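Colleague: Kindly generate the corresponding structure for this input.
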Amino acid sequence: MSSTDQDQEPRTAYPFLPIPFLELLGVERESVANGKARLTLELQPQLRNLYDGFHGGVIMTLLDVAMASAAVSHSDFRNTVVTIDMSVSFVSPASGTVVAEAEALGGGKSICFCEGRVTDASGNLVARANGTFKYLKIPKHMVAGGENSQT
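Modeller: Residues are numbered from 1 along each chain as shown. Have a look, this model is predicted:
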């Protein structure tokens, strides 16, 4: 969290504005709090690869959003983040519904380190990731109804 935001009260909910790309994919945020996030996504025909499973880019997007959400909640929703670096390892293919879970591991005032994993409906590991995120002030256009909202 930046020093200019330290005087704000901590956020107790996750007031994310709709992101059209995530809506297009069908990503659902189940929970985001205390530096942790859990998202789900059901495989749709337009998200499939040639082998009838999730396209790898969709899994990477899910991991990126899960880790970014964890980082935002780690700062008590006082900041937004951008991805600086992300490394993904694919372990197994997936279809059906997948779950992405991420956790903020630490960092400082301007950087947050996170890890994430995607599992299939049976709990099998699909992919894992590590990411580095930079905290930024929340843009004015993201303020809705007097409250700050996050991406």
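Colleague: So for the top helix by length along the chain, mean pLDDT?
Modeller: Counting residues, the longest helix found in the chain (DSSP state H) is helix 56-74. Averaging pLDDT along helix 56-74 yields 95.
Colleague: Tell me the gap between stretch 72-86 and the middle of its chain.
Modeller: Centroid separation between stretch 72-86 and its chain, computed with C-alpha atoms, centre = their mean, to the nearest Å, is 9 Å.
Colleague: same deal with stretch 104-123?
Modeller: 8 Å.
Colleague: quick one: pLDDT of residue 2?
Modeller: Model confidence at residue 2, given as pLDDT, is 38.
Colleague: all helices of the protein, in order?
Modeller: 20-25, 56-74.
Colleague: Name the spans of the protein whose pLDDT lies under the cut-off.
Modeller: 1-15, 17, 142-151 (pLDDT under 70).
Colleague: so what's residue 131 up against?
Modeller: Contact partners of residue 131, counting by C-beta atoms under 8 Å, 6 or more residues apart in numbering, are 63-64, 67-68, 83-87, 113-116. Bear in mind the C-beta positions are built from the backbone N, C-alpha and C, glycine included.
Colleague: before we move on, back to that, I'd like the helices of the chain as TSV, with distance to residue 124 and mean neighbour count appended.
Modeller: What follows is these, written out as TSV (distance: least, C-beta to C-beta, whole Å; neighbours: other C-beta atoms under 10 Å):
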stretch	distance to residue 124	mean neighbour count
helix 20-25	21	12
helix 56-74	13	24
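Colleague: for those helices, which one sits closest to residue 138?
Modeller: helix 56-74 (9.6 Å; C-beta to C-beta).
Colleague: Show me what that closest one packs onto, helices and strands only.
Modeller: If you count contacts as 3 or more C-beta pairs under 8 Å, 6 or more residues apart in numbering; DSSP states H and E, helix 56-74 packs onto helix 20-25, strand 28-33, strand 36-42, strand 80-90, strand 97-107, strand 111-119, strand 125-136.
Colleague: Now do the first one: distance to the chain's middle.
Modeller: Which is helix 20-25. Put simply, helix 20-25 sits 13 Å off its chain's centre (C-alpha atoms, centre = their mean).
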